[in-house]
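# Fold the stuff below for me.
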Amino acid sequence: MIKSLLNISDLTRDQIIKILDFNSTNNSLNNKNIGLLFEKNSTRTRVSFNVGINQLRGNCIDIRYEELNISRDESFEDTFRALNCYLDGLIFRTTDHNRLIEAKKYFKKPIINALSDISHPCQILSDLFTLKSHFKKLDLNLLWMGDMNNVCYSLVEAASLINELKLTICSPTNIINKKNWSLSSNVNIVKSKSELDLSKFNCVMTDVFVSMNDDDIEGKVDLLKPFSVDSNLMSKVEKHAVFMHCLPAKVGFEVTDDVFRSPQSIVWKQAYNRLIAQKKLLQFCFKKIL
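The predicted structure follows:
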């Protein structure tokens, strides 16, 4: 069975724990050719995958979407059938999650979602690794502040599989009402900070207010301003709590500068761990983790 990752829900709880706990080996890709196909800009995901593939002794093939013949009217099917001829795996970032689903029909080898408009499973696997490394456990209370975006969706999926994680999402009513997510009993959504007992949270997480494919940008930013993570909020959380952000950050919007650069912030540990977690994921997809 081909192991791909389009969403966190493609994994089981047991598989997630095995990925997080696996100690990588440096030659496990054994010259496999892995394509990086990105429709959108990327810093951490592109560079960490590129470095990780090289460290695992694979060959990273950097593909520019706009340079493919798909831009000259070659069909999507034919494009991905061609890639299937040459590559052993594909890491694909797209503005439309349906393209990932479609690509899987024609590319018969592992595909990893490097971010879509629906989800960002690589980020959340890495964040789980960061949390487990920092706290030595996943029995934690997490607070997500702000937009219910693709990263938040993957976090919700993770919480549905790892029931010792307790997740609270604090987001405006207008955004909550637009989502029809399936929530497990350990996920709670509130519409105001006034509803929160901040003292119980071990970690506060957020992301940019404006996400992929957003329209009413100014209106959305105004709507989300009260959900910014500031020092007042962070002073009320559990004593050893941390702040996390998947980056890039719009400092001064979803998080204030004093929080972003504070001792509570572990955003650069998060960024580094993208490399470690994605190496583990690659080895899972290529059956080094059973």
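# from here on, contacts and neighbour counts on C-alpha atoms
Will do.
# In this structure, mark out all the strands, start to finish.
With DSSP state E, the ranges of strands along the chain come out as 33-38, 59-64, 89-93, 111-113, 141-145, 166-170, 187-190, 203-206, 242-245.
# I'd like to know which of the ones you listed is closest to F286.
strand 89-93 (8.7 Å; Cα to Cα).
# follow-up on the earlier one: Serialize the strands of the chain to JSON lines and add fields for distance to D14 and mean pLDDT.
Output for the strands of the chain, formatted as JSON lines (distance: least, Cα to Cα, whole Å; pLDDT from 0 to 100):
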{"stretch": "strand 33-38", "distance to D14": "26", "mean pLDDT": "98"}
{"stretch": "strand 59-64", "distance to D14": "29", "mean pLDDT": "95"}
{"stretch": "strand 89-93", "distance to D14": "23", "mean pLDDT": "98"}
{"stretch": "strand 111-113", "distance to D14": "19", "mean pLDDT": "98"}
{"stretch": "strand 141-145", "distance to D14": "21", "mean pLDDT": "98"}
{"stretch": "strand 166-170", "distance to D14": "18", "mean pLDDT": "98"}
{"stretch": "strand 187-190", "distance to D14": "20", "mean pLDDT": "98"}
{"stretch": "strand 203-206", "distance to D14": "23", "mean pLDDT": "98"}
{"stretch": "strand 242-245", "distance to D14": "25", "mean pLDDT": "98"}
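# now those as TSV including distance to K236?
Formatted as TSV, the strands of the chain follow (distance: least, Cα to Cα, whole Å):
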stretch	distance to K236
strand 33-38	40
strand 59-64	45
strand 89-93	37
strand 111-113	36
strand 141-145	12
strand 166-170	15
strand 187-190	17
strand 203-206	11
strand 242-245	12
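# Identify whichever of those lies nearest to Q278.
Nearest of the strands of the chain (Cα to Cα): strand 111-113, 9.9 Å.
# what about the closest one, distance to the chain center?
In terms of Cα atoms, centre = their mean, to the nearest Å, the centre of strand 111-113 is found 12 Å from the chain centre.
# what's the answer for stretch 91-99, then?
The answer for stretch 91-99 is 13 Å, by Cα atoms, centre = their mean.
# swap in stretch 213-231?
Distance of stretch 213-231 from the chain centroid (Cα atoms, centre = their mean) equals 20 Å.
# Of the strands of the chain, which is nearest D73?
Each of the strands of the chain has some distance to D73 by Cα to Cα; the shortest is strand 59-64, at 15.7 Å.
# In the closest one, which residues are buried?
59-60 (16 or more other Cα atoms under 10 Å).
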